[in-house]
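**Q** sequence first, predicted model second:
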Amino acid sequence: MLVFDKDERGPDENLRLQFEAVSCFDPEEKKIVKALLEGMILKHETKRIAQISG
């Protein structure tokens, strides 16, 4: 709140409902969703860096 406006960070409207649903998951399910997201982010960043380098 000190650095960002209220809605400046966070999921866009397309993902907000999914993240709200995930917030109700049990800790193990949240851990799995987090690992999936981290994998997708890593894949995206790797692809982006390869495009810049290539």
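**A** In hand now; what should we look at?
**Q** next, name the residue at the spatial heart of the chain.
**A** For the chain, the residue sitting closest to the mean C-alpha position, by CA atoms, centre = their mean, is Leu37 at 5.6 Å.
**Q** excluding sequence neighbours, find me the nearest residue to Glu29.
**A** Counting by CB to CB, 6 or more residues apart in numbering, Glu29 lies nearest to Val22, which is 7.8 Å off, once chain neighbours are set aside. For glycine as for every other residue, the C-beta is placed from the backbone atoms N, C-alpha and C.
**Q** and that neighbour, what does it touch?
**A** By CB atoms under 8 Å, 6 or more residues apart in numbering, Val22 lies in contact with Glu29, Lys30, Val33.
**Q** how far away is it from Ile41?
**A** For Val22, the distance to Ile41 equals 15 Å [CB to CB, to the nearest Å].
**Q** circling back: what about the contacts of Val22, which are in strands?
**A** Taking DSSP state E, every one of these sits outside strands.
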